[in-house]
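Build me a structure from this.
(one chain, ligands or ions: 1)
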Amino acid sequence: MDIKKQLIDGSWVTSNSDAVRDIINPFNQKIVATVTESDESDTKAAITAARKAFDQGDWATTPAAERGKIVHKIADLIERDREELAELESLDTGKTVEESLGDMDDIAGVFRYFAEMADKDGGEIIESPIPNSTSKVVHEPVGVCGQITPWNYPLLQASWKLAPALAAGNTLVMKPSEITPLTSIKVFELMAEAGVPAGVVNLVLGPGDSVGAELSANDNVDLISFTGGIHTGKKIMQAASSNVKNLALELGGKNPNIVFADADFETAVDQAMNAVFFHAGQICSAGTRLIIEESIHDAFVSAIVDRVKNIKLGSGFDESTQMGPLISEDHLNKVVNYVENGKQEGATVAVGGSRPDDPELQNGLFYLPTILTGCTSDMRVVQDEGFGPVITVEKFTTEEEAVRLANDSIYGLSGGVFTNDIAKAERCVAKLRMGTVWINDVNLYFPHAPWGGYKQSGIGRELGKTGLEEYQETKHIFQNLKPEPVNWF
Ligand code: NAD
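Okay, here's the model as predicted:
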């Protein structure tokens, strides 16, 4: 049997325990690969390799331009293997190949962006207030980075961590989600091919409560960067306190889209769907809370329901498919319960609200795209991150009420405002407590712009200049040009 392995200190090896895990295609629940299942001892070995590569290897002191060239080469190889990677991502997650191809282009773009940034920071000279002295600020790599990623955008989320960590001169151990490791395994092969030295990048495969917990708590790790759910994020924050690690947390979202009556109606309807139904709603920034001005509420709901009925579910490998399955049986059950709870709380199912009855979809983990109307912000279905293809609809009558409803969440990842009144849009944006706000658009992100959340959606920012800075320490260097005793004591 071909068992996919973990990468420790430049060697592809099976785990010490010899345990394995089958990777399942959520479209038909067939096994697509079997991977070795790492344990704490493998994780410790990977951390030791990364520590040695940082403390005794050359990567941190390699000229930044050279590191940039290698990161560019990784982007070249991702572009070379774009289709293979996209198919692997779709097999593993169920999303359409078209979506996965788009992801691969974005991923190559992320590596290129940080490759370009690698040698652009020359530090800073500070005007020293002390006579006969110089003062400068330099940025250095943080050290050994632990990186933990989720299953929804496996390689995209990995790229946001790998590219800046390497560009800044760190070494790392990554743990992808145990259910979607395939594209990460492939990219670690590509990183070796691109010339990343042995021990600089290490990959462990396995569950969060053993492998992830070790990575978060181990004193030889200097930084932990995590993308995933809020409850896991809180555990990691606690574990990371053991040696006061640097911490970057990209957590969940419950993102509102405010639609004013003066918005372009067709665009807003179209974007309200784009906000949620890609990858069956399994997107941290999914616009799952639709907040509509009362005067257009009924017409808007009717228009969106008509379109939702036509969304084609199926295999991600079928070009006519618009929405794939949910990731796992566990997750499907969570979405089923989430909607059932919403119904019990008084929400009305305007469309969807169940698994499809199409016989061809019965082996897959599908849930119908769903709109729940009559929702209010005191309902759990409006407050909890369902992470499925489900929109809740609330109404408002004033601008203040719209902003209040949008902000009524423990999350603060992203949100959208649809209006043709730019002054109104700007007034709302200024009051929205979110890391990203789109005006008349949804879900747009690119490597140059920072990404992250307010409130319990996380700590820190990936992408953009801040995405590199997360992987850097700042050092102030003061030099006395005329040393002589001070004779204070
Ligand atoms: P999850 O929190 O269950 O798992 C994420 C990762 O953490 C996995 O690799 C898992 O194995 C690991 N993990 C689990 N328990 C752990 C522990 N005790 N210690 C260390 N690691 C542990 O999340 P998920 O279900 O894989 O992903 C969905 C979540 O990710 C959603 O909440 C979504 O909003 C969030 N997400 C956020 C962003 C963002 O940019 N803010 C992007 C993508 C996904």
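
can you pull the contacts of A213?
K235, A239 (Cβ atoms under 8 Å, 6 or more residues apart in numbering). Where C-beta positions appear, they are placed from N, C-alpha and C, glycine not excepted.

should've said A449
A449 touches T436, L463, G464, counting by Cβ under 8 Å, 6+ apart.

which residue packs closest to the closest residue to the ligand within the stretch 1-150 of the chain, ignoring adjacent ones?
With Cβ to the nearest ligand atom as the measure, P150 is the residue of the stretch 1-150 of the chain nearest to the ligand, at 3.1 Å. Take P150 and drop its neighbours on the chain: the residue closest to it by Cβ to Cβ, 6 or more residues apart in numbering is G228, 4.5 Å away.

Now do the contacts for that neighbour.
I148, T149, P150, S177, G208, E250, L251.

What pLDDT is listed against the residue of the stretch 1-150 of the chain closest to the ligand?
P150 carries a pLDDT value of 98.

from memory it sits against S177, does it?
Yes: here P150 reaches S177: they are 5.4 Å apart, a contact under Cβ atoms under 8 Å.

burial of T392, as a residue count?
26 (other Cβ atoms under 10 Å).

just D441 next, same as before
The number of residues near D441, taken as other Cβ under 10 Å, comes to 14.

Check T376 too.
Neighbour count for T376, taken as other Cβ under 10 Å: 15.

what's the answer for D330, then?
By other Cβ under 10 Å, the residues close to D330 number 10.

pretty sure M273 is touching V305, no?
No: using Cβ under 8 Å, M273 is not in contact with V305, being 10.6 Å away.

OK, contacts around P356?
Contact analysis of P356 by Cβ under 8 Å, 6+ apart lists L313, F366, Y367, L368.

if we go to 7 Å?
Contact analysis of P356 by Cβ atoms under 7 Å, 6 or more residues apart in numbering lists L313, F366, L368.

Tell me how far it lies from the ligand.
P356 sits 23 Å away from the ligand, going by Cβ to the nearest ligand atom, to the nearest Å.

Now that residue: which helix or strand?
For P356, there is no helix or strand it lies in under DSSP states H and E.

can you check A272 too?
Applying DSSP H and E as the criterion places A272 in helix 265-277.

quick one on the thing from earlier: and the contacts of P356, which is closest to the ligand?
F366 (18.3 Å).

The closest residue to the closest one other than its chain neighbours: what's it in contact with?
The shortest distance from F366 to any non-neighbouring residue, by Cβ to Cβ, 6+ apart, is to P325 (4.8 Å). For P325, the contacting residues are P26, F27, G94, A280, G364, L365, F366, by Cβ under 7 Å, 6+ apart.

ok, 8 Å please
Neighbour list for P325: P26, F27, G94, A280, L313, L332, L361, G364, L365, F366, Y367 [criterion: Cβ under 8 Å, 6+ apart].

Which one (most neighbours) among the residues you listed?
Using other Cβ under 10 Å as the neighbour criterion, A280 leads those with 30 neighbours.

quick one on the thing from earlier: and M273 and V305? which has more neighbours close in?
The neighbour comparison of M273 against V305 (other Cβ under 10 Å) goes to M273, with 21 against 15.

Closest to the centroid, which residue in this structure?
Nearest to the mean C-alpha position of the chain, by Cα atoms, centre = their mean, lies Q157 at 4.3 Å.

If you count contacts, what does the helix or strand where it lies end up packed against?
Following DSSP H and E, one finds Q157 within helix 154-167. Helix 154-167 sits against helix 64-80, helix 82-93, helix 97-117, strand 144-148, strand 171-175, helix 182-194, strand 223-227, helix 464-469, with contacts defined as 3 or more Cβ pairs under 8 Å, 6 or more residues apart in numbering; DSSP states H and E.

Output these as CSV; include the columns mean neighbour count and distance to G388.
Putting the helices and strands packed on helix 154-167 into CSV (neighbours: other Cβ atoms under 10 Å; distance: least, Cβ to Cβ, whole Å) gives the following:
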stretch, mean neighbour count, distance to G388
helix 64-80, 19, 29
helix 82-93, 22, 14
helix 97-117, 21, 16
strand 144-148, 28, 23
strand 171-175, 28, 25
helix 182-194, 21, 22
strand 223-227, 26, 19
helix 464-469, 20, 28
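
What pLDDT is listed against S315?
97.

Find the nearest non-adjacent residue to it, please.
In this structure, S315 finds its nearest non-sequential neighbour in F27, 5.1 Å apart by Cβ to Cβ, 6+ apart.

Check S128 too.
Once flanking residues are discounted, S128 sits nearest to S135: 4.0 Å by Cβ to Cβ, 6+ apart.

quick one: that neighbour is in a strand?
Yes: assessed with DSSP: H, G, I helix; E, B strand; the rest coil, S135 lies in a strand.

I'm done for today, thanks for sticking with me.
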